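Student: below are the sequence and a predicted model for it; my questions follow.
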Amino acid sequence: MKKSMMALTASMLILSISAFEIFSIQNNIDVTKDSLRLSEPQLFMFPTSINLKYATMGFNNFISDIMWMDVVQYVGMHYQTDRDFKFLYVLLYSIDNIDPRFTNAISYGAFFLESLANQFDNAQKLLLVGMKNNSDAWEYPFEIGFLYYAYKKDYSNAYKYFKIAVEKPGIPPQFRTFLPYVIEKGQTPEAALAVWEYMCSRKSGSIAEGVCEANIKRLYNKIAADKLNSALKTYKLRYGSYPTTLAGLLSSKIIKNIPALSEGEYYVYEPKTGKINIMHITGKNTGNKM
C-alpha cells in the first residue's frame, strides 16, 4: 500500500510539472499576431532546455512530441498570416536538446528555418547538432548538403556533405545513386531538380509540400524553356530568322514536340526576337500555346 501511494504521488508530481511546462510552452507559442512583436528578452519566458530536462523526469519523448505539435501549429499560423518566424529556432533548439534523436523535428525544423524564415545559419546549426548527436544517421549531412546546393549555390560544400551522407549506413539505395548523377549533371537545372525531388520525397504536410511543389515546378519549367530556346537558336542558325510560330520547330524537324510545361503554364512567343516567356493561368493547362 505504501509503495502504491509513493508511485501515485510520483506520477502526480511528474504530471503536474509536465503540465506546467507544457502550459508555458503553449502560452509562448499560441500567441496572437500582435503579441508576436515582442522584444528579444521576453524569450526568457520560454522554458529553457536545461529546466525542461529536469522537468521531463525521463518523459523526454512525450514532452518533445507535445512541443513539436505546438511548433507545427506555430509554423502553420504564421505561414497563413505574417510569415514572421523569429521564435522558430529557439523552439526547435529546445526540442533538440530535450530529445536529440527526434529526427523529424530537426529535419523539418531546418527545412522550415531556411525555406520559410530565410535562416540558413540557424538551419545549419540545428542539423550539425543532429549530426553530432546521431553520428550514424545519413539524413543530417544529406540535408545540410541540400541547404548548400538549393539555397546557397555552394556546390563544393553541397558535394562534401552529400558524400558524407552516402557513406553512412542505412541510406536507401536510391540515394546512393543520387550523388554520381548530381555530380555528372553539374550545376544545371536537371541536377537541381533531382536534388529537390530527392529531398521532397522525404517531406509531407501541406506547407512542406507547397514549398517543394513551387520549386520543382519552377525547375521543371526552366528545363522545358531551355530546351525550347536551344531549338529556336538552332532554327535561326539554319534559316536566318526565327519561326513565325513554335510549330515551325516541328515542321523543320528540329524537335519532335514542344517541351511541356507544368499545369497552368503556357508559352508566350515573340517571333521577331525569338523570346520565350512563361505565363500562368489558374485552373488551365494550356502548356504549349504558340
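Tutor: Alright, I've got the coordinates. Numbers count the residues shown, from 1 in each chain.

Student: helix or strand right after the helix or strand containing Leu128?
Tutor: With secondary structure defined by DSSP states H and E, Leu128 is part of helix 120-133. Downstream of helix 120-133, the next assigned helix or strand under DSSP H and E is helix 139-147.

Student: extract the C-alpha set from that following helix and format it as CSV.
Tutor: Extracted C-alpha coordinates of helix 139-147, given in CSV (Å, rounded to 0.1, in the frame of the first residue of the first chain):
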residue,chain,number,x,y,z
GLU,A,139,19.7,12.3,-43.0
TYR,A,140,21.5,15.2,-41.4
PRO,A,141,24.5,15.5,-43.7
PHE,A,142,22.2,15.0,-46.7
GLU,A,143,20.0,17.9,-45.6
ILE,A,144,23.0,20.2,-45.0
GLY,A,145,24.1,19.3,-48.5
PHE,A,146,20.7,20.2,-49.7
LEU,A,147,20.8,23.6,-48.0
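
Student: which residues touch it?
Tutor: Applying Cβ atoms under 8 Å, 6 or more residues apart in numbering, the external contacts of helix 139-147 come out as 103, 106-107, 110-111, 114, 120, 123-124, 127-128, 130-131, 134, 157-162, 164-165, 168, 171, 175, 195, 199, 202. Bear in mind the C-beta positions are built from the backbone N, C-alpha and C, glycine included.

Student: out of the residues you listed, list just those in helices.
Tutor: 103, 106-107, 110-111, 114, 120, 123-124, 127-128, 130-131, 157-162, 164-165, 175, 195, 199 (DSSP state H).

Student: list buried residues within those.
Tutor: Among these, those classed as buried by 16 or more other Cβ atoms under 10 Å are 106-107, 110-111, 114, 123-124, 127, 130-131, 158-159, 161-162, 164-165, 175, 195, 199.

Student: if we can go back for a sec, show me what the helix holding Leu128 is packed up against.
Tutor: Packing partners of helix 120-133 (3 or more Cβ pairs under 8 Å, 6 or more residues apart in numbering; DSSP states H and E): helix 88-98, helix 103-115, helix 139-147.

Student: which stretches of the stretch 1-150 of the chain have low pLDDT?
Tutor: Scanning the stretch 1-150 of the chain with the threshold set as pLDDT under 70 gives 1-59.

Student: quick one: residues contacting Leu232.
Tutor: Counting by Cβ under 8 Å, 6+ apart, Leu232 makes contact with Tyr242, Pro243, Leu249, Gly274, Ile276.

Student: 7 Å instead?
Tutor: The contact partners of Leu232, taken as Cβ atoms under 7 Å, 6 or more residues apart in numbering, are Tyr242, Gly274.

Student: now do Tyr220
Tutor: Leu193, Ser262.

Student: helix or strand right after the helix or strand harbouring it?
Tutor: Using DSSP H and E, Tyr220 falls within helix 206-239. From helix 206-239 onward toward the C-terminus, using DSSP H and E, the following helix or strand is helix 247-251.

Student: mind listing what's buried in that following helix?
Tutor: Judged by neighbour count (16+ other Cβ under 10 Å), helix 247-251 contains these buried residues: Gly248, Leu249, Leu250.

Student: nearest the middle, which residue of the protein would you pick?
Tutor: For the chain, the residue nearest the mean C-alpha position is Phe111 (3.7 Å; Cα atoms, centre = their mean).

Student: before we move on, the earlier item: now the angle from the helix holding Leu128 to helix 88-98?
Tutor: On the basis of axes from the mean of the first three to the mean of the last three Cα atoms, to 10 degrees, helix 120-133 is oriented at 10 degrees to helix 88-98.

Student: not counting helix 120-133 itself, show me its contacts.
Tutor: With Cβ under 7 Å, 6+ apart, helix 120-133 has contacts from 89, 92, 96, 100-101, 106, 109-110, 113-114, 140-141, 143-144, 147, 151-152.

Student: can we see that at 8 Å?
Tutor: In contact with helix 120-133 (Cβ under 8 Å, 6+ apart) are residues 89, 92-93, 96, 100-101, 103, 106-107, 109-111, 113-114, 137, 139-141, 143-144, 147, 151-152.

Student: just the buried residues of those residues.
Tutor: Buried among those by 16+ other Cβ under 10 Å: 89, 92-93, 96, 100, 106-107, 109-111, 113-114, 137, 139-141, 143-144, 147.

Student: list the buried residues for the helix holding Tyr220?
Tutor: Going by 16+ other Cβ under 10 Å, helix 206-239 has these buried residues: 207-208, 211-212, 215-225, 228, 231-232, 235.
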